[in-house]
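> Please work out how this folds:
(one chain, ligands or ions: 1)
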Amino acid sequence: DAKPFSFKLLKTDGMARRGEITTPHGKVRTPAFMPVGTQATVKAMYPQQVRDLGADVVLGNTYHLMLRPTAERIAKLGGLHKFMGWDHTILTDSGGFQVMSLSGLRKMTEEGVTFSSHHDGSKHFMSPERSVEIQGLLGSDIQMQLDECIALPAERDEVDRAMQLSLRWAERSRAQFEKMGGPQKGQGLYGIVQGGDVPDLRIESAQRLGELPMEGYSVGGLAVGEPQAVMLKMLEITTPAMPKDKPRYLMGVGTPEDILESVARGIDQFDCVMPTRAGRHGLAYTRFGKVNLKNARHAEDPRPLDELSNCEATSKYSRAYLHHLVRVNEGLAAMLLTWNNLAYYQYLMQGIRDAIDEGRFEEFRQKTKEDWARG
Ligand SMILES: CC#C[C@H]1NC(N)=Nc2cc3[nH]c(NC)nc3cc21
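Predicted coordinates for the structure are as follows:
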């Protein structure tokens with residue numbers, strides 16, 4: 001058997017936590033930002049570049065990979081790590097959220113969800129068991145239960161119904177994960193806390209999920225368009241009800257500020273398309289806030305984004321050049337800005353981890369927000 005999946009809580013500073021996850025493909029330093037690699041690639045980046053910036057985990061998506069090229073084909077080729085040339089930890093989402101947000105939903109039953117592909121309209125079926133089977137075929141180190149994701153705003157009884165179904169699906173996902181020998185392979189399966197914006201349902205979901213032997217717990221259903229204040233309020237209610245000795249993963253979050261505020265409320269893992277997607281749209285994240293390189297004011301600015309950065313994309317090219325590349329829609333624009341943005345996100349995460357290690361997270365949080373405001 002492989003070394004068991006483990007999480008060590010190394011230090012706390014207020015509600016902020018510093019930890020380390022051990023998976024079959026190495027260690028994950030938390031708080032961690034996990035770049036999104038939906039279709040087996042972090043868009044516009046080489047795997048080694050992503051690694052060199054300090055990422056310990058990348059994300060893959062069951063929904064996308066089951067449609068193209070299919071999990072069976074990836075398994076036949078040696079699994080997702082080999083397929084995409086990433087030899088570190090991979091976390092996969094279960095498909096629940098993508099079915100709701102991407103596909104022409106057919107029907108949801110107790111058994112699972114039938115949906116049509118957003119590519120060609122072909123019909124597919126996903127159950128908690130099938131989702132875990134796909135994630136196993138991919139060789140995913142950290143897997144997600146299948147959950148029912150409903151769009152907000154929703155009535156309380158609809159939120160309750162979806163939360164209760166997701167709890168029953170958590171148990172079925174766990175059974176399938178153990179049937180496939182996930183624990184013996186050192187892999188982890190996370191439950192997903194639901195409950196929308198209803199405090200008592202969030203607490204019930206977190207407490208009942210915490211009774212299942214999951215290796216970690218995600219908070220789902222936030223970052224779906226609600227104001228940041230609502231998201232943070234829901235976190236203050238939810239994280240204290242989650243197990244303390246297991247990783248907590250806030251799905252789909254977020255901006256640098258969302259991440260800083262969520263670490264302060266007890267979250268360990270983050271993923272977001274923001275840095276990569278923004279990079280493809282001419283937006284740069286820096287230590288002093290965002291820079292929209294489409295804007296003509298950069299047309300003759302000889303300064304790099306941040307000369308003190310050790311990332312080449314950030315320190316070696318003028319804003320004028322980046323503005324030009326964005327304006328003429330050159331591929332190098334997406335490459336350089338994605339590189340810059342992921343470098344900044346990992347720089348922020350390293351700063352957060354160091355600050356918690358040294359017991360100065362609150363001071364770090366204030367100083368970082370001042371720097372962003374300075375622009
Ligand atoms: C309801 C629910 C839920 C969660 N369930 C699963 N499986 N994945 C998610 C991915 C997300 N991405 C974002 N925001 C971009 N919110 C997410 C929430 C979930």
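> what's the burial count for the residue of the chain found nearest the ligand?
Of all residues in the chain, the one sitting closest to the ligand is Gly252 (2.2 Å; Cβ to the nearest ligand atom). (Glycine included, C-beta is placed from N, CA and C.) Neighbour count of Gly252, defined by other Cβ atoms under 10 Å: 22.
> Equivalent analysis for Arg280, please.
The local packing of Arg280 (other Cβ under 10 Å) involves 18 other residues.
> Likewise for Asp301?
Asp301, neighbours per other Cβ under 10 Å, totals 15.
> swap in Gly54?
As a burial measure, Gly54 scores 17 neighbours (other Cβ under 10 Å).
> excluding its backbone neighbours, what's nearest it?
Gln346 (3.9 Å; Cβ to Cβ, 6 or more residues apart in numbering).
> what's the answer for Gly121, then?
In this structure, Gly121 finds its nearest non-sequential neighbour in Gly104, 7.0 Å apart by Cβ to Cβ, 6+ apart.
> Check whether the one you found really touches Phe115, as I assumed.
Yes - under the criterion of Cβ atoms under 8 Å, Gly104 makes contact with Phe115 at 6.8 Å.
> Show me which of those two is the more surrounded one.
Phe115 (23 against 11).
> Specify the beta-bridge partners of the residue nearest to Gly121.
For Gly104, the beta-bridge partners are Ser116 (DSSP bridges).
> same thing with the one 4 residues further on?
Listed beta-bridge partners, Met108: Val113 (assigned using DSSP bridges).
> Count the neighbours of it for me.
Residues lying near Met108 (other Cβ under 10 Å) number 16.
> just to revisit the earlier point, same question for the strand or helix carrying the residue nearest to Gly54: list its buried residues.
Taking DSSP states H and E as the definition, Gln346 sits inside helix 331-357. Within helix 331-357, the residues scored as buried using 16 or more other Cβ atoms under 10 Å are 333-349, 351-353, 355-356.
> Kindly report the same for stretch 237-252.
Applying 16+ other Cβ under 10 Å to stretch 237-252 flags 237-239, 241-243, 246-252 as buried.
> What is the most widely separated pair among those residues?
Based on Cβ to Cβ, the longest span within these runs between Pro243 and Gly252 and measures 21.1 Å.
> Quick one: residues in contact with the helix or strand bottoming out on mean pLDDT in the chain.
Least confident helix or strand of the chain, by mean pLDDT, DSSP states H and E, is strand 104-108 with a mean of 81. Strand 104-108 is contacted from outside by Val99, Val113, Thr114, Phe115, Ser116, His118, Gly121, Lys123, Glu148, using Cβ atoms under 8 Å, 6 or more residues apart in numbering.
> for the ligand, what are the nearby residues on the stretch 101-250 of the chain?
Taking Cβ under 6 Å from any ligand atom as the contact definition, the stretch 101-250 of the chain meets the ligand at Met144, Asp147, Cys149, Ile192, Gln194, Gly220, Gly221, Ala223, Val224.
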